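S.K.: Predicted coordinates and the sequence they were generated for:
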Amino acid sequence: MNKLISFLIITFFFISCEKYTTNVSDLTLSGKYVVSKMTIITTSHAVMKDSTYLSNAIFRDSMLPNPFNYIKVNDFYMHFDYASIRMNWIMRTTTGSLRDIWQYGESPNEIFYNRVPYSYNAYDLGKIQFDYIPINEKAYRRITLHIDSDLPESLQLSGFDFAPYGKNGPEYKIIFSLTRTGP
């Protein structure tokens, strides 16, 4: 009987400590990714069905800022490092040292992202936010993306909650499934 009581006390002790041993969410967000799948979810006033864009499908929406207004799946790249983001890979230079050329985020016009305060905890990776000036616009646009998952070879971001036809129109949410293609 003594052994049973000791076992129950020790078990209770370890179970009660579980909330103190949970890992804190830690972002890696480093590397070059390609958008390998996009999912559009209608969140209100559902008139249209949800849609999924797979390999080589093209997503177009003139209401979104460039480069998010035209995305070809498996051909739209993003690069994250620990503080900045580059978007819309153009080409790789072959003269001199090899390096990628990007439409957005090239030096000296880096785009720095930050984690939105209080949006993350031990169970939620939170949100990242960045500002940039799209082509053919004069003002900064703020983009906020929720980090759904951050795995070694993939990343899932969701965001762009918007209503393209005004307050009374349907609202959409876009989910980007990204696959790592390089460092």
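M.R.: Arrived safely. Residues are numbered from 1 along each chain as shown.
S.K.: Please save the CA atoms from stretch 35-46 in CSV.
M.R.: Extracted in CSV, the C-alpha atoms of stretch 35-46 (Å, rounded to 0.1, in the frame of the first residue of the first chain):
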residue,chain,number,x,y,z
VAL,A,35,4.8,28.6,-52.8
SER,A,36,3.9,24.9,-53.5
LYS,A,37,0.1,25.3,-52.8
MET,A,38,-2.4,28.1,-52.1
THR,A,39,-5.8,27.7,-50.5
ILE,A,40,-8.5,30.4,-50.6
ILE,A,41,-11.1,30.0,-47.9
THR,A,42,-14.3,32.1,-47.9
THR,A,43,-14.8,33.2,-44.4
SER,A,44,-18.2,35.0,-44.6
HIS,A,45,-21.0,35.5,-47.1
ALA,A,46,-20.1,32.3,-48.8
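S.K.: Give the rounded mean pLDDT of it.
M.R.: Across stretch 35-46, pLDDT averages out at 82.
S.K.: Now that stretch: buried residues?
M.R.: 35, 36, 37, 38, 39, 40 (16 or more other C-beta atoms under 10 Å). Backbone N, C-alpha and C define where each C-beta goes, glycine included.
S.K.: can you name the two of the residues you listed that are farthest apart?
M.R.: Among these, the pair separated by the greatest distance (C-beta to C-beta) is 36 and 40, at 15.2 Å.
S.K.: dump the residue contacts of the most centrally placed residue in the chain.
M.R.: Centroid check for the chain by C-alpha atoms, centre = their mean gives residue 157 as the closest residue, at 2.7 Å. By C-beta atoms under 8 Å, 6 or more residues apart in numbering, the contact set of residue 157 is 145, 146, 147, 148, 175, 176, 178.
S.K.: Just the buried residues from those, in PyMOL please.
M.R.: Listed next is the PyMOL selection for buried residues among these, using 16+ other C-beta under 10 Å:
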select buried, resi 145+146+147+175+176+178
